[in-house]
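S.K.: sequence-free structure coming up:
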């Protein structure tokens, strides 16, 4: 009996260490920094769009709208895309009707509007919710520090920009009012 009693503190120590390791592993899993490369979404034409195909590219994600005072940013986004698309850079647009109903159209109407008015050729995805109840998984990642590892943030308005590095990690959130031709964006793309 004495032998078992003398082992008791050692057994308690081992159980405590195991419990702590288990708790620590759960926290590591819960707070795992995610990459955009883990996501698949639906393109505006209804096909699967796999972000893992963008490994090695810098990515700008932007929520768009056709009837917003900032809608002319489409032209600057397209110019930026044309300038840097051959330098491992891509823009991916996500139409959203979350701000004062400024993107009421169907996916087909959005495509027609973007091509006719701004000549958009960068990839556009199906319309999504970027805030509130029903927020799509990708925007949940972009706006939650526990997922993106950078910061908690909210989509302030149409044309908010998210910059992700070649490994798919969020590195910067750009206000909707900062235009795509701003030097902080081109400097980031160029790596200077």
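M.R.: Yes, it's here. On a predicted model such as this, the values are computed, not experimentally measured, just so you know. Numbers count the residues shown, from 1 in each chain.

S.K.: how close does residue 133 sit to residue 86?
M.R.: 40 Å (C-beta to C-beta, to the nearest Å). No exception for glycine: its C-beta is placed from N, CA and C like everyone else's.

S.K.: now the helices: where do they sit in the chain?
M.R.: Ranges of helices in the chain, per DSSP state H, are 2-30, 73-84, 107-118, 137-143, 145-148, 183-190.

S.K.: Domain-wise, how is this protein divided?
M.R.: Split into domains by automatic domain parsing, the chain comes to 1-30, 36-190.

S.K.: got the end-to-end distance for the last one?
M.R.: End-to-end distance of domain 36-190: 21 Å, with C-alpha to C-alpha, to the nearest Å as the criterion.

S.K.: Spatially central residue in the protein, please.
M.R.: residue 142 (3.9 Å; C-alpha atoms, centre = their mean).

S.K.: hang on, it packs against residue 148?
M.R.: Yes - counting by C-beta atoms under 8 Å, residue 142 touches residue 148, with 6.1 Å between them.

S.K.: where does this protein dip in pLDDT?
M.R.: 1-31, 192 (pLDDT under 70).

S.K.: One more pass at 80, please.
M.R.: 1-32, 192 (pLDDT under 80).

S.K.: just to revisit the earlier point, show me whatever sits in contact with both of residue 142 and residue 148.
M.R.: residue 170 (C-beta atoms under 8 Å, 6 or more residues apart in numbering).

S.K.: still on that earlier bit, so who does the residue nearest to the centre of the chain touch?
M.R.: 61, 148, 153, 162, 170, 173.

S.K.: Can you tell me which of those are buried?
M.R.: 61, 148, 162, 170, 173 (16 or more other C-beta atoms under 10 Å).

S.K.: Among those residues, which pair sits farthest apart?
M.R.: For these, the farthest-apart pair by C-beta to C-beta is 61 and 148; their separation is 11.2 Å.

S.K.: could you measure residue 168 against residue 38, distance?
M.R.: 8 Å.

S.K.: for residue 59, same thing?
M.R.: Relative to residue 38, and taking C-beta to C-beta, residue 59 is found at 13 Å.

S.K.: Could you check which of those two is surrounded by more residues?
M.R.: Taking other C-beta atoms under 10 Å, residue 59 and residue 38 do not tie; residue 59 has more neighbours (20 against 14).

S.K.: I'd guessed that one sits against residue 169; true?
M.R.: No - judged on C-beta under 8 Å, residue 59 makes no contact with residue 169 at a distance of 10.1 Å.
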